[in-house]
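> From the sequence below, what's the structure:
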Amino acid sequence: MCEMIIAVLSALAEPTRLEALRLLADGSEHCVCELMRKLGATQSRMSRHMQVLKQAGLVVDRRDAQWVRYRINPDLSPRLVRLLEVTLERQVIVMEPVA
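From the prediction side, this is the model:
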């Protein structure tokens, strides 16, 4: 559990990743192209940031044609959801998996 918390806190320590999570906290999926545009990041940089969030277990992805869509991991523990809410200073909506 300690290693997971360290990975999560490390992922949250970078401003672009924090802002990406703030966007994802609305509970819907967001295309990497939308995250790039809203956060002013290149595709490769945004993909790297999202990979860190994915490795920390905070987000999941889904390929949609040439794009990848991200959302908050629906399997986050209530403890991690609360950590995100405190960090983001907003409610985090976790949606069920997309079929």
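> For Met95, which residues are in contact?
Gly27, Ser28, Arg71, Ile72, Pro74 (C-beta atoms under 8 Å, 6 or more residues apart in numbering). All C-beta atoms are positioned from the backbone trio N, CA, C, and that covers glycine.
> Would you mind giving me the ChimeraX syntax to select the buried ones in those residues?
This is the ChimeraX syntax for the buried subset of the contacts of Met95, where burial follows 16 or more other C-beta atoms under 10 Å:
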select :71,72
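> which of the contacts of Met95 lies closest to Val52?
Nearest to Val52 among those: Ile72, at 14.7 Å, using C-beta to C-beta.
> hey, what's that closest one bridged with?
Val59 (DSSP bridges).
> I'd like to know how far it sits from Cys2.
22 Å (C-beta to C-beta, to the nearest Å).
> And stretch 46-55, how far out from the chain middle?
8 Å (C-alpha atoms, centre = their mean, to the nearest Å).
> which parts of that stretch are buried?
Met46, His49, Met50, Val52, Leu53, Lys54.
> average pLDDT across that stretch?
In this model, stretch 46-55 carries a mean pLDDT of 96.
> what residues does that stretch touch?
7, 10-11, 14, 16-17, 20-21, 32, 35-36, 39, 41, 59-61, 68, 70.
> Output the longest helix belonging to this structure.
helix 43-55 (DSSP state H).
> Using PDB, write out every CA atom in that one.
The C-alpha coordinates for helix 43-55 follow below in PDB (Å, rounded to 0.1, in the frame of the first residue of the first chain):
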ATOM      1  CA  GLN A  43       0.800  14.800 -28.100                       C
ATOM      2  CA  SER A  44       4.000  13.100 -27.000                       C
ATOM      3  CA  ARG A  45       4.200  15.000 -23.800                       C
ATOM      4  CA  MET A  46       0.500  14.500 -22.900                       C
ATOM      5  CA  SER A  47       0.800  10.800 -23.700                       C
ATOM      6  CA  ARG A  48       3.800  10.500 -21.300                       C
ATOM      7  CA  HIS A  49       1.900  12.300 -18.600                       C
ATOM      8  CA  MET A  50      -1.100  10.100 -19.000                       C
ATOM      9  CA  GLN A  51       1.100   7.000 -19.000                       C
ATOM     10  CA  VAL A  52       2.400   8.100 -15.500                       C
ATOM     11  CA  LEU A  53      -1.100   8.500 -14.300                       C
ATOM     12  CA  LYS A  54      -2.000   5.100 -15.700                       C
ATOM     13  CA  GLN A  55       1.000   3.400 -14.100                       C
END
